[in-house]
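# The following comprises the amino acid sequence and a computationally predicted model.
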Amino acid sequence: MRSVEAYRLWTPPHGTYFRSSDMAEPLSDATRELGRRIRARREALGKSQERLADSCGLHWTFVGQVERGRRNLSFHNLLRLAAALEVDPAELVSGLAPPPRPAP
């Protein structure tokens, strides 16, 4: 496992600001809530996104996108994250409603 110190994080140049309107919206209410649950569990364990990503074989930027609701997880990645978070996958998805179907 790589140490967290091995990561080189990019930061925007000084004077660069992001407005909340510049940030992409979550894919759905379900992905937003799933991401919130994953972040809460990760923080409860005291893990950074980098440590969580290393422990489940995913990239840390992917984990960040999941936590912001910007990624739709595959079944296998959901299982990987749940194992690294030491939680049953059912706890992460329990009660989430699917997004409405588009009209034909």
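Okay, I see it.

# rest of the way, CA atoms for contacts and neighbours
Noted.

# For this protein, which residues score under the pLDDT cut-off?
Along the chain, the model assigns pLDDT under 70 to residues 1-23.

# What is the longest helix of this structure by residue count?
helix 29-44 (DSSP state H).

# Just the buried positions in it, please.
Neighbour-count burial for helix 29-44, counted by 16 or more other Cα atoms under 10 Å, picks out 30-39, 41-42.

# State the next helix or strand along the chain beyond that helix.
Later in the chain than helix 29-44, the nearest helix or strand by DSSP states H and E is helix 49-56.

# and the angle from that following helix to helix 29-44?
The directions of helix 49-56 and helix 29-44 differ by 100 degrees, with axes from the mean of the first three to the mean of the last three Cα atoms, to 10 degrees as the criterion.

# Please shift the residue numbers so they start at 3 in all later answers.
Renumbered: residue one is now 3, and that last one reads helix 51-58.

# what about helix 51-58, distance to the chain center?
11 Å (Cα atoms, centre = their mean, to the nearest Å).

# returning to what we had before: adding distance to residue 73 as columns, could you present the buried residues of helix 31-46 in a markdown table?
Shown next, in a markdown table, are those (distance: Cα to Cα, whole Å):
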| residue | distance to residue 73 |
| --- | --- |
| 32 | 11 |
| 33 | 7 |
| 34 | 9 |
| 35 | 12 |
| 36 | 10 |
| 37 | 9 |
| 38 | 13 |
| 39 | 14 |
| 40 | 13 |
| 41 | 14 |
| 43 | 18 |
| 44 | 17 |
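
# now, which of the residues you listed sits nearest residue 55?
residue 44 (10.5 Å; Cα to Cα).
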